[in-house]
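1. kindly generate the corresponding structure for this input.
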Amino acid sequence: MCKQHHKKQLSLAIGALLAGMLTTYSASAEIAVIVNTANSSTLDKTAIERIFMGKMKKFPNGQVALPMNAAKGMGSRDEFNKAVIGRSSSQVNAYWSKLVFTGKGSMPKELSSDAEMISTISSNQGAIGYINSSSVTDAVKVIAKF
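-> Prediction:
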């Protein structure tokens with residue numbers, strides 16, 4: 001009886017461990033930074049961060065940059081902020097709240113899905129955004145992955 005109980009506990013522990021590993025894996029999906037297919041600019045991580053923090057207003061080719069954020073609460077937004085900006089989503093929101101309040105900037109437009117992000121960017125030459133890399137289509141160009 002005792003042996004059977006230990007086997008059951010062990011199998012439950014292994015199951016919990018595997019579930020935790022899968023959850024951790026899916027929570028950190030690869031993010032693709034995307035632009036319009038006509039955009040010839042190349043950007044490094046620092047330039048992408050500067051665009052999304054309102055510090056860089058144009059692409060290297062002179063085109064006005066229009067950053068697009070995933071909606072608050074979307075996993076891609078949290079991953080992007082952590083990987084590219086180096087801050088949590090709440091820290092980025094606080095940063096933008098201060099800029100908007102003081103009149104020194106306007107927060108990037110928020111889009112509610114990867115499909116909406118692709119549609120918006122494919123129809124706006126200066127748009128830049130990010131999506132889960134598994135959602136990428138030929139309608140946009142990937143300039144970086146994180």
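2. residue contacts, Met68?
-> Pro108, Lys109, Glu110, Leu111, Met117, Thr120, Ile121, Ala127, Ile128, Gly129 (CB atoms under 8 Å, 6 or more residues apart in numbering). In this view, the C-beta of every residue, glycine as well, is placed from N, C-alpha and C.
3. what's the spacing between the closest residue to Pro67 other than its chain neighbours and Ala32?
-> Closest residue to Pro67 apart from its sequence neighbours, by CB to CB, 6 or more residues apart in numbering: Pro108 at 3.9 Å. In this structure, Pro108 and Ala32 are 17 Å apart, going by CB to CB, to the nearest Å.
4. who's more crowded, these two?
-> Between Pro108 and Ala32, counted using other CB atoms under 10 Å, the more crowded position is Ala32 (23 against 20).
5. show me where this protein has strands.
-> Secondary structure of the chain (DSSP state E): strands at 31-36, 66-70, 109-111, 127-132, 140-145.
6. possible to save these as CSV with mean pLDDT and distance to Pro60?
-> Below are the strands of the chain laid out as CSV (pLDDT from 0 to 100; distance: least, CB to CB, whole Å):
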stretch, mean pLDDT, distance to Pro60
strand 31-36, 98, 12
strand 66-70, 97, 15
strand 109-111, 97, 22
strand 127-132, 98, 12
strand 140-145, 97, 11
